[in-house]
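**Q** Mind folding the following:
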Amino acid sequence: MRRLREEVGNINTAELKTLRAVYSLSKDYNYIPLTLIQNRIKGDVENITRSLAGKKMIQRRKKDYEGVRLTFKGLSVLALKTLSEMNVLSSIGSVVDTGKESVIYDGLSESGGEVIIKFHRVGATSFKKVKEKREYYAHSWIVLSSISAMREYRCLLKLSGVVNVPRPYGCAYNAVVMERIDGRELSKTFLEDPEFFLGEVLNQIKRMYRLGVVHGDLSEFNILIADDAPYIIDLPQYLNFSSPGGKELLERDVYLVLKHFRKKYGIELSLESALKYVRGENGRDNIWS
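**A** Predicted coordinates for the structure are as follows:
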C-alpha cells in the first residue's frame with residue numbers, strides 16, 4: 001500500500017490550486033484558457049501549468065489559444081487529496097479491476113479497514129451511450145465522471161442497510177470509497193443451490209424496487225457472491241422507477257438475471273412471475289413459496 005501523502009506529495013499548494021481551478025472551469029471549456037486560470041489564482045500560471053503537464057496531470061495546447069485540461073491522473077490526484085483531507089482514506093494499493101468506465105484500486109481507510117476506491121472514467125468512447133441511457137448529461141468527460149461518481153455514492157447511501165450493496169464511506173470528484181466485498185462475480189461462480197440464489201437476487205431487486213430504484217444494467221457480471229449472499233454492485237446508471245424508461249429497464253434487469261440462471265442451471269421461471277414477485281403483486285415473501 002502507498003500512503004496517500006506519498007501519492008500526492010509531489011504536488012505543491014500552487015499546483016493544487018491550479019488543478020482545482022481547471023476543474024471548476026471544465027464544465028464550460030474543453031481546454032481552459034490560461035487567462036481564465038490566472039484570474040483564479042496567484043502565481044506564474046505558465047510555469048505552474050508546465051510543471052503539471054510534466055507530471056501528466058494536465059494537457060496543454062496552443063491551437064487558437066493557450067489552454068489546458070485535466071488528465072485522468074490529474075482528476076484522480078484531486079480526488080485522493082480531498083479524500084485524505086476528509087479522513088476517509090489513508091492508503092491506496094494496486095489495480096483490482098478495469099472496466100470501460102472505471103478503474104478500481106484496493107486501499108485502506110483511516111480506521112485501517114480494507115476498502116476499494118472506484119475512479120469513474122466516463123470517456124468519449126461511451127459518451128453517446130451514456131447520454132442515451134442515463135438521467136444526466138455534461139459537456140466534459142471530467143464533469144461527467146464526477147457526476148457519475150456522486151450518483152453512485154448517493155445511490156449506495158440510499159440502499160445501504162436495506163439492499164446488499166457495498167457500504168459507502170466517501171466521495172470526491174470522480175472517486176468513490178466503499179466497503180470491499182470479498183466475493184466472486186456470479187458469472188464466474190458455480191452455485192450448489194442455484195434456486196436459492198436466484199430467489200435471493202430477485203429479493204434484492206425487490207428491495208431496490210421498494211425504494212424506487214432500478215439498477216438499469218444488472219447482469220451476472222455485476223452481482224457478487226459473498227458469505228452465501230448476493231451483493232449488487234456498479235450503480236452509477238441507476239434510475240428511479242418513475243423515470244422514463246424505468247419500467248422497461250426493470251424488466252430488462254430481471255430478464256437478464258433469469259436468462260443467466262436458465263442457461264447455466266436450467267432453472268425455468270417466467271419473466272411475468274418474477275416481475276410480479278419483484279413488484280409485490282403475488283403477495284409472496286419467497287419466489288418459490
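**Q** I'd say residue 86 and residue 172 touch.
**A** Yes - in terms of Cβ atoms under 8 Å, residue 86 counts as a neighbour of residue 172; the distance is 6.8 Å. Every residue, glycine included, has its C-beta placed from N, CA and C.
**Q** who's more crowded, those two?
**A** The neighbour count for residue 86 versus residue 172, taken as other Cβ atoms under 10 Å, is higher for residue 172 (22 against 14).
**Q** That one: what's its closest spatial neighbour, skipping adjacent residues?
**A** Among residues not flanking residue 172 along the chain, residue 82 sits closest, at 3.8 Å (Cβ to Cβ, 6 or more residues apart in numbering).
**Q** same deal with residue 103?
**A** With Cβ to Cβ, 6+ apart as the criterion, residue 103 has its nearest non-adjacent residue at 4.8 Å, and that residue is residue 119.
**Q** Domain map for the chain?
**A** What automatic domain parsing lists as the domains of the chain is 2-73, 86-179, 184-278.
**Q** so the residue nearest to residue 172 is in which element?
**A** Here residue 82 is covered by helix 72-85, with elements defined by DSSP states H and E.
**Q** Pull out the buried positions in stretch 49-59.
**A** 49, 51, 52, 57, 58 (16 or more other Cβ atoms under 10 Å).
**Q** Mind telling me what element the third one is part of?
**A** When secondary structure is defined by DSSP H and E, residue 52 falls within helix 45-54.
**Q** where along the stretch 151-289 of the chain do the strands fall?
**A** Listed from the start of the chain, the stretch 151-289 of the chain has strands (DSSP state E, counting those that start in this stretch) covering 168-172, 175-179, 184-185, 213-214, 223-226, 229-232, 239-240.
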